[in-house]
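**Student:** Give the three-dimensional model of this entry:
(chains A, B, C and D)
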Number of protein chains: 2
Amino acid sequence: MTDQPARAWRLVLEHIERDLLNGRLGPGDRLPSERDLATDLGVGRSSVREAFRVLEVMGLIRTATGSGPQSGAIVIATPTGGMSALLRLQVAAQGFPLDDVVRTRLVLEDAVFAAIAAAPDRDTTYAHELLAAMDVPDLTPSEFLALDAQLHLSLAEASGNTVIAAMMAGLRSSIESYVQAGVVAIPDWDAMATRLRAEHHALVAAIDAADVDAARALVHAHITGYYTSAGLTRDLHPKN
Amino acid sequence: MTDQPARAWRLVLEHIERDLLNGRLGPGDRLPSERDLATDLGVGRSSVREAFRVLEVMGLIRTATGSGPQSGAIVIATPTGGMSALLRLQVAAQGFPLDDVVRTRLVLEDAVFAAIAAAPDRDTTYAHELLAAMDVPDLTPSEFLALDAQLHLSLAEASGNTVIAAMMAGLRSSIESYVQAGVVAIPDWDAMATRLRAEHHALVAAIDAADVDAARALVHAHITGYYTSAGLTRDLHPKN
DNA sequence: GATACTCTGTGGTCTGACCACAGGAGGATC
DNA sequence: GATCCTCCTGTGGTCAGACCACAGAGTATC
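**Tutor:** Predicted coordinates for the structure are as follows:
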């Protein structure tokens, strides 16, 4: 792609990516030890470690000390963590405006609900459990919002698209601190919680009824309503 | 968030994220030197470097040697690169199935076209230039596909949503190697190129005419058509 | 046979040492 | 005084070596 200056850690990264791409390395496999890889590639161990760190934060590998088959660096390919870290940092560094994050969430949520509602074998038992958990009174805003996030995330995962699920998780975590901070801007939290509960119930009901259009309209109102109330976004365009 | 074991490089990462979040650090700002940060945080320089590497790959900072105001680590917040790296590696490690990537691209492309077509002040001059460039005969598949990617990406950027644009760029780059490899599976490349050209022209025309529905239908057919022809995906669900 | 010990290899970290490089400070030159 | 050149400083990039904590396998002991 873009010609990068030949840095040692990039060499390592490219080497591993190549092994991944042609199947020499796959989920569950163990990478060579840092020392071995360093000597094999003719770089220092610190350079290997820098590459490993990138892979770890991106959710590609997990590292463990000690000996045995579970030690060392192992390919795991857990996309959620990496996506969360990336989006969180980019939002923090103002690479992504909050409005765009919310708008994107709207787009993806839309697709999620459409996919679930249209799926013949949708299973919403977990969603119903979360709904019940959120109906418990006297939840703190933090607890409520955590369950809220879990509900939306579980639906995203239920849609069957791992990429969208990971992106949703990332988007959510990227604005989490802002959402938490926005609670104070909501004059009557109890009223807001009641409203969100009702909207969630309606949302899941629409899914159960396979009513795609209703689900879309509901989720749109649901999300925009909360963010504008919390003072996090300006008015969002009707579409996208 | 998830309780991580206290690792030195994580400490650095969290420190920088905190500075980013509360505004002590912003785009264009220079980070302390690696040595200073190391002594300030009470960690080794190698740990600082590991954190910097993560930030660099994620597109948060850029580093430069030498002295002066342009040297050192500078916050840039360029999301595209990081998103591309993340998605590319995750696809390579089979964390993201190819089908999900294509499906997600469909969802986002859909939103892009809807947003552009609905925008009152859309400017498609660059898109038209790219269309003209693609009309040049005797382009190699590689050149053609590169222009194709550029066209779609430019439209995503024109939609005004930086998050979606970055995601589109990432999705594209994550499957680039597969797309290139899939060319050989296409029996008559010239016919395919002709078809893609026609579809692109129709797509941009729909945008110019502000015909959202037509644009959506066209982009859907456009993308699914290519990927199935290249043998990259099974049949994709009609929605999502 | 069960238990306790040692030994090995792993990542995690720190330190110190170079290198190449870019830019500024200061002197030499005109 | 203005210009050019040189040296010096501080930067990231890299490597080598040294510890540490840890987990597991192998071994000795009871």
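
**Student:** what about the nearest residue to A:E157 once chain neighbours are set aside, neighbour count?
**Tutor:** Nearest residue to A:E157, sequence neighbours excluded (CB to CB, 6 or more residues apart in numbering or on different chains): A:A165, at 4.6 Å. Any C-beta I mention is one placed from the backbone N, CA and C, and that applies to glycine too. A count of nearby residues for A:A165, using other CB atoms under 10 Å in any protein chain shown, gives 24.

**Student:** DNA strand C versus A:A165, what's the distance?
**Tutor:** 27 Å (CB to the nearest atom of the strand, to the nearest Å).

**Student:** So that residue: helix, strand or coil?
**Tutor:** Secondary structure state of A:A165, per DSSP: H, G, I helix; E, B strand; the rest coil, is helix.

**Student:** dump the residue contacts of the residue nearest the centre of chain A.
**Tutor:** The centre of chain A sits closest to A:A169, judged by CA atoms, centre = their mean, with a distance of 1.8 Å. For A:A169, the contact set (CB atoms under 8 Å, 6 or more residues apart in numbering or on different chains) comprises A:T80, A:M83, A:S84, A:L153, A:A156.

**Student:** Now find how far off-centre the strand or helix carrying it is within its chain.
**Tutor:** Using DSSP states H and E, the element containing A:A169 is helix A:162-174. Its chain's C-alpha centre and that of helix A:162-174 lie 2 Å apart, by CA atoms, centre = their mean, to the nearest Å.

**Student:** what's the following helix or strand after that helix?
**Tutor:** Counting by DSSP H and E, the next helix or strand C-terminal to helix A:162-174 is helix A:176-182.

**Student:** who's in contact with that following helix?
**Tutor:** By CB under 8 Å, 6+ apart, the residues outside helix A:176-182 that reach it are A:R88, A:L98, A:P141, A:S142, A:L145, A:A149, A:Y227, A:A230, A:G231, A:L232, B:L21.

**Student:** from the residues you listed, which would you call buried?
**Tutor:** For those, a burial check counting by 16 or more other CB atoms under 10 Å in any protein chain shown picks out A:R88, A:L98, A:P141, A:L145, A:A149, A:Y227, A:A230, A:L232, B:L21.

**Student:** I'd assumed A:L171 was in contact with the second one.
**Tutor:** No: A:L98 lies out of contact with A:L171 (CB atoms under 8 Å); the separation is 10.6 Å.

**Student:** just to revisit the earlier point, got the angle for the helix holding A:A169 vs helix B:162-182?
**Tutor:** 150 degrees (axes from the mean of the first three to the mean of the last three CA atoms, to 10 degrees).

**Student:** quick one: average pLDDT of helix A:162-174?
**Tutor:** Averaged over helix A:162-174, pLDDT sits at 97.

**Student:** next one: stretch A:142-157
**Tutor:** Stretch A:142-157 comes out at a mean pLDDT of 94.

**Student:** Output it in CSV with nothing but the alpha carbons.
**Tutor:** The C-alpha trace of stretch A:142-157 is given here as CSV (Å, rounded to 0.1, in the frame of the first residue of the first chain):
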residue,chain,number,x,y,z
SER,A,142,-24.7,3.8,35.3
GLU,A,143,-26.2,0.5,35.8
PHE,A,144,-29.1,1.3,33.5
LEU,A,145,-26.9,2.6,30.7
ALA,A,146,-24.7,-0.5,31.0
LEU,A,147,-27.7,-2.8,30.5
ASP,A,148,-28.8,-0.5,27.7
ALA,A,149,-25.5,-1.0,26.0
GLN,A,150,-25.7,-4.7,26.5
LEU,A,151,-29.1,-4.9,25.0
HIS,A,152,-28.1,-3.1,21.9
LEU,A,153,-24.9,-5.0,21.6
SER,A,154,-26.7,-8.4,22.1
LEU,A,155,-29.0,-7.5,19.3
ALA,A,156,-26.2,-6.5,17.1
GLU,A,157,-24.6,-9.9,17.7
